[in-house]
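K.L.:
got a sequence here, can you model it:
(one chain, ligands or ions: 1)
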Amino acid sequence: SCGKKESEDAAGMQAEKESVKVLVAFFSYGGNTRKLAETAAQYTGGDLFRIETEKSYSEDYDKCLEETAREMEENARPVLSSHVENMEAYDVVLLGYPIWWGSMPMAVNTFLEEYDFEGKIIAPFCTHGGSGLGSSEQDLKKLCPDAETFEGLAVYGSRADQAGEEMADWLEGLGLYGEDQDREEEIQD
Ligand SMILES: Cc1cc2nc3c(=O)[nH]c(=O)nc-3n(C[C@H](O)[C@H](O)[C@H](O)COP(=O)(O)O)c2cc1C
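P.N.:
Just a heads-up that it's a prediction; the model follows:
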C-alpha cells in the first residue's frame, strides 16, 4: 500500500500554502531514533525538537527495561522537561520514537496529550529491534483523533544511520521531499 490518499492531501496542503511548516519531534534513549530524526530534519528543512523527560531512565539496559515496564503497567505519563513553544505554527509533525514494549514510550503519550493537533498531519517513524511499528500507529490515532495520520515508517535501530533512502521515499509519499533535492547526491548509504 502506498497511502495515496494521504499523500494527495499532504501535497494539496503544500500547493495551497507557500510552504509547509514541518516539526520533527522525537524521543530517543540510545540515539538511534535521534539519527533518523536528524535525517528527516535535513531532508525537509523542518525544525528538530527533542522530547525530554524530567526523570532520566537508567543507563543500565536491564534497569531501563524494569523502569519502563512499570510505566507501561501503570499507563504513566512521565513529566516532560521540553516543550514546543509554537505548535500552532506547524502543519506537519514527523513524530519519531523507539519502540518500547510494542508501542511508543509513555513520554510520547505525554507529548501527544499536551498539544492540539486538530488540522495537522502527524506522520510517525520509529526505530525498533524487530517489532516494526507494533501497535504505535493505532495508539497514536486513539490519542489524537483530531489529527490526520500518515502511514508510519519503521527502521531497524541498527540501520538508523543508513536509512536515508527509506526516509526519502517516505517523505516523498508525504509530499515533503523537495524536488530541488538531488537524491543521487544527497543520499549516502
Ligand atoms: C525499554 C525498551 C523496550 C524495548 N522494547 C522493544 C520492543 O517491544 N520491540 C522492539 O522491536 N524493540 C524494542 N526495543 C528496542 C528499541 O526499540 C531499539 O533499540 C531502538 O532503535 C532504540 O532507539 P533509541 O536508540 O532511539 O532509543 C526496546 C528498547 C528498550 C530500551
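K.L.:
could you use CA atoms for every contact and neighbour count after this?
P.N.:
Noted.
K.L.:
which residues of the chain fall in helices?
P.N.:
4-16, 32-44, 61-74, 106-114, 136-143, 164-173, 183-186 (DSSP state H).
K.L.:
now, of the ones you listed, which is deepest in the fold?
P.N.:
helix 32-44 (a mean of 22; mean count of other CA atoms under 10 Å).
K.L.:
between it and helix 164-173, how big is the angle?
P.N.:
Note on geometry: by axes from the mean of the first three to the mean of the last three CA atoms, to 10 degrees, helix 32-44 and helix 164-173 are set 50 degrees apart in direction.
K.L.:
so, in contact with the ligand or not, helix 32-44?
P.N.:
Yes. Using CA under 6 Å from any ligand atom, helix 32-44 reaches the ligand at 32-34.
K.L.:
same list, these, but as CSV with distance to I99 and pLDDT please.
P.N.:
Putting these into CSV (distance: CA to CA, whole Å; pLDDT from 0 to 100) gives the following:
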residue, distance to I99, pLDDT
N32, 11, 98
T33, 10, 98
R34, 13, 98
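K.L.:
enumerate the residues of this structure near the ligand.
P.N.:
Counting by CA under 6 Å from any ligand atom, the chain comes close to the ligand at 28-34, 64-65, 68, 98-102, 127-131, 157.
K.L.:
what about 8 Å?
P.N.:
Among all residues of the chain, those adjacent to the ligand (criterion: CA under 8 Å from any ligand atom) are 27-35, 61, 64-69, 97-103, 126-132, 134, 155-158, 160.
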